[in-house]
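Participant: Let's see this in three dimensions:
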Amino acid sequence: MKTNFCNLEVVYLFMVIVLFGAVVTSTAQSKKEKQVKHTNFYVSTTGNDSAQGTKEKPLASLNGARDAIRAYRKENGETGPITVIIGAGEYEMTQPLELFPEDGGTINSPITYKAETGTRPVFSGGKRITGFKVNDKGIWVAEIPESRYYGWRFDQLYVNGKRAVIARTPNNGFLNISGVKQHIWERGSGRVADSALQILSFDQENFAPLREAEAKDLQNIRFRAYHKWDFTLRHIDKIDKDSATVFSSGKGMKPWNPLVKGTRIVFENFAAALDHAEEWYLDPEGTLFYVPGPGQTPENSEVIAPVLEHIIMMRGDADANSFVEHIRFEGITFSHCHYRIPRSGSEPNQAAALLNAAVMLEGSRNINFSDIEISHTGQHAIWFGKGCSNSVVEHCYLNDLGGGGIYLGGVSPQKGAAHTSHIRLHNNIIQTGGREFPSAVGVWMGHSSDNVISHNDIGNFYYSGISVGWIWGYDDSNAKRNTITYNNIHHIGWTLLSDMAAVYTLGKSEGTVISNNVVHHVHAYSYGGWGLYTDEGSSDIIMENNLVYNTKTGGFHQHYGKNNFIRNNIFAFAKLYQAQCTRVEDHRSFDFTNNIMVFDEGVVLKGAWEKINIRMDKNLYWNTNGGPYDFNGKTFNEWRKTGHDIHSIIADPYFMDSENYNFNFKSKKSIRRIGFKPFDYSPAGVYGEDSWIEKARLSEDIRKAFDTDVELNMNSH
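Facilitator: Presented below is the predicted three-dimensional model:
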């Protein structure tokens with residue numbers, strides 16, 4: 001009996017343990033299930049922001065969804081992932097989506113704003129303009145009460161999905177300034193005067209278009225002047241028709257990049273300039289005029305004026321360690337974001353670095369944009385500003401941009417959590433930018449580090465494709481360890497600005513690698529137009545395994561820098577020089593080794609090659625037309641006597657078909673002699689579905705127009 005009792009006691013104890021374990025397990029599972037609960041909110045064009053946000057009773061806007069999430073989390077706490085599912089249709093945004101730290105998610109409870117499966121919702125920051133009448137000249141005319149009575153003005157307009165041209169003269173090409181005088185009003189302490197008056201004079205032919213300007217339009221008239229790597233956008237104070245002069249006030253001209261005699265200029269935004277198809281003008285009384293294009297009628301056309309100056313704003317505070325985090329946007333299109341040109345215009349600023357963006361982020365981490373489109377903006381598309389990190393922009397289409405594509409960091413260095421870093425831009429199409437501010441770039445990294453820019457297609461910009469760093473000279477820079485790889489960067493420059501490149505660098509950049517990119521069709525107005533360009537102070541950068549062809553002044557140029565390595569690249573078919581270097585310094589400027597240069601016109605080297613401190617060897621040179629080899633005024637043998645290229649060769653690299661840009665090798669016997677290692681350049685650019693790859697291909701009309709501009713430019717110099 002004693003033994004049996006003990007056995008029963010053991011059995012009973014075992015059952016208690018099992019039951020207790022089951023209760024504990026059940027409780028843990030319940031907690032786990034509660035933690036991973038998925039919550040959905042729905043947004044629809046037929047919704048109401050006072051609704052519950054269910055599928056049956058959807059919300060109407062992104063801000064409505066944000067507010068519903070706030071209320072839900074206040075009541076329920078962190079319960080798991082939250083998804084805002086957005087139905088098909090077009091949404092007119094009346095205010096930007098502003099997200100603060102309390103609107104962010106967590107690693108266990110991220111927040112996603114995404115399109116409903118199979119749909120592509122469009123959020124517009126613009127307003128449809130209707131009520132057009134056609135006058136006796138065939139011009140459309142619409143009265144806009146908001147402009148007439150409340151002073152609403154806009155500086156961009158879109159007709160049938162295309163950016164219309166604000167009335168300008170001349171319609172094509174440029175006028176030229178005959179002379180410039182400057183009167184400084186306030187000198188200030190910097191190299192640029194705080195306040196000054198510029199007086200622009202013209203000959204009678206170039207001034208003729210302004211003679212028809214009416215006095216009532218004076219407050220609107222602006223000019224755009226294109227000079228070196230920048231441009232000046234200014235309103236006009238006064239026109240003196242008797243002396244053919246224009247007066248404009250603002251900051252003093254930058255002494256390193258002023259307006260001068262011969263500067264190209266256009267005038268815009270006045271009634272007398274409205275004389276060409278697809279031009280528009282909003283007069284001071286609030287009447288909009290539009291000259292229709294072929295086949296356009298008020299009945300078959302959609303006219304949209306942008307209103308919102310931002311589409312999305314994330315407002316974290318890195319200094320206070322208060323971040324917007326763990327938010328994802330997926331499958332949505334954002335269009336029509338306005339940049340209102342201030343009365344001060346736009347003073348010259350490299351890379352349009354003083355502009356804002358349609359999507360502005362500060363103090364934001366773990367933010368993801370996937371399969372997003374941003375189009376029809378007056379400014380940049382996306383800017384990861386102060387205190388942003390660990391975020392991704394992937395498979396996004398950014399196009400028809402007034403400014404640039406994606407900007408990272410700022411113009412001033414930041415420390416600690418306020419430093420912007422670890423952003424990944426991957427498999428994006430960033431095209432057709434700088435439409436309002438031509439000095440903007442496709443991807444700009446100011447004071448930002450540890451970013452990866454990979455497999456993007458960047459094309460159809462007037463200035464540089466990718467810009468890295470924001471220090472002129474050898475001061476400390478925190479733009480370090482950036483990786484630019486497998487990008488296709490093309491149709492850059494368009495003969496509009498100068499001193500630019502497909503990939504442009506500034507300042508010390510330890511750990512930065514620029515590799516396996518394909519760069520082609522780069523052409524500046526005057527000097528510049530390089531493939532790879534290490535500008536002032538660029539240091540400790542590796543450029544390798546890049547294919548660069550069809551540039552104006554070289555596949556590579558170094559202004560000045562330290563300890564850069566240019567190796568195992570193919571540089572082909574530059575028009576004037578194949579490579580350049582400029583400033584002579586005491587330290588080692590760069591190593592140039594194991595590269596292939598193939599060309600059919602121009603010279604091989606131009607610049608300070610005999611004096612600069614470099615290591616240059618084991619390169620291959622080949623003139624496909626059998627012509628001479630000009631090494632900075634020397635023959636190849638004379639050049640080798642300077643101590644450079646001792647083991648380099650002149651030899652056919654045996655490309656498959658370089659004339660048609662097939663740079664694969666049919667034989668490796670020549671390249672073995674210089675230690676060149678073949679690389680596969682075919683993966684560069686975007687990848688995925690055929691439709692995505694085709695979207696990245698510029699139209700034949702654009703490509704032909706670029707070639708025409710290049711031919712005209714070369715023939716004019």
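
Participant: what is Trp622 paired to in the beta sheet?
Facilitator: Trp622 has the following beta-bridge partners by DSSP bridges: Val598.

Participant: From Asp49, how far off is it?
Facilitator: 67 Å (Cβ to Cβ, to the nearest Å). No exception for glycine: its C-beta is placed from N, CA and C like everyone else's.

Participant: Repeat that for His419.
Facilitator: In terms of Cβ to Cβ, His419 sits 38 Å off from Asp49.

Participant: Who has more neighbours out of these two?
Facilitator: His419 (21 against 15; other Cβ atoms under 10 Å).

Participant: The nearest residue to the more buried one once chain neighbours are set aside and Val246: what is the separation?
Facilitator: Distance criterion Cβ to Cβ, 6 or more residues apart in numbering; nearest residue to His419, sequence neighbours excluded, is Asn478 at 6.2 Å. Separation of Asn478 from Val246 (Cβ to Cβ): 42 Å.

Participant: quick one, helices of this protein?
Facilitator: Per DSSP state H, the chain has helices spanning 2-35, 62-76, 145-150, 204-207, 636-640, 690-695, 700-716. These are given in chain order.

Participant: tell me the pLDDT at Arg163?
Facilitator: Per-residue pLDDT puts Arg163 at 98.

Participant: Low-confidence regions, the stretch 451-600 of the chain specifically.
Facilitator: In the prediction, the stretch 451-600 of the chain carries no residues with pLDDT under 70.

Participant: hmm, back to that, weakest of the helices of the chain in terms of mean pLDDT?
Facilitator: helix 2-35 (a mean of 45).

Participant: Pull the number of nearby residues for the residue nearest to His419.
Facilitator: Residues near Asn478, counting by other Cβ under 10 Å: 23.

Participant: try Ile374
Facilitator: Neighbour tally, Ile374, other Cβ under 10 Å: 28.

Participant: what's the answer for the one 4 residues further on, then?
Facilitator: Other residues within reach of Gly378, judged by other Cβ under 10 Å, total 25.

Participant: Could you find the closest non-adjacent residue to it?
Facilitator: Per Cβ to Cβ, 6+ apart, closest to Gly378 is Tyr339, 3.0 Å.

Participant: Kindly report the same for Trp152.
Facilitator: Glu146 (4.1 Å).

Participant: what residues are up against Met500?
Facilitator: 229, 463-464, 492-493, 522, 524, 528-530, 533 (Cβ atoms under 8 Å, 6 or more residues apart in numbering).

Participant: Same list (those) but as CSV, adding neighbour count and distance to Ile702.
Facilitator: Formatted as CSV, the contacts of Met500 follow (neighbours: other Cβ atoms under 10 Å; distance: Cβ to Cβ, whole Å):
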residue, neighbour count, distance to Ile702
Trp229, 22, 23
Tyr463, 31, 17
Ser464, 34, 18
Ile492, 32, 13
Gly493, 30, 14
Val522, 33, 15
Ala524, 26, 18
Gly528, 25, 22
Gly529, 30, 18
Trp530, 33, 22
Tyr533, 26, 24
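
Participant: Farthest-apart pair in those, please.
Facilitator: Trp229 and Val522 (13.7 Å; Cβ to Cβ).

Participant: ok, the residue nearest to Ile129 when sequence neighbours are not counted - contacts?
Facilitator: For Ile129, ignoring the flanking residues on the chain, the nearest one in space by Cβ to Cβ, 6+ apart is Val303 at 4.4 Å. Shown in contact with Val303 (Cβ under 8 Å, 6+ apart): 128-130, 132, 142, 157-159, 290.

Participant: Whichever of those end up buried, select them in PyMOL.
Facilitator: Remark: buried members of these, expressed as a PyMOL selection using 16 or more other Cβ atoms under 10 Å:
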select buried, resi 129+132+142+157+158+159+290
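
Participant: ok, so of the contacts of Val303, who is nearest Gln431?
Facilitator: Tyr158 (16.9 Å).

Participant: Show me what the closest one bridges to in the sheet.
Facilitator: Beta-bridge partners, per DSSP bridges, of Tyr158: Arg163, Ile304.

Participant: contacting residues for it?
Facilitator: 126, 164, 303-306, 336, 376.

Participant: now do 7 Å
Facilitator: Contacts for Tyr158 (Cβ atoms under 7 Å, 6 or more residues apart in numbering) come out as 164, 304, 336, 376.

Participant: and the residue nearest to Trp152, how many residues sit next to it?
Facilitator: For Glu146, using other Cβ under 10 Å, the count is 14.

Participant: Next: His38.
Facilitator: 10.

Participant: how does the protein divide up, domain by domain?
Facilitator: 126-167+274-304, 175-273, 309-716 (automatic domain parsing).

Participant: so which of those domains is the most packed in?
Facilitator: domain 309-716 (a mean of 21; mean count of other Cβ atoms under 10 Å).

Participant: Since that was my last question, I'll sign off now.
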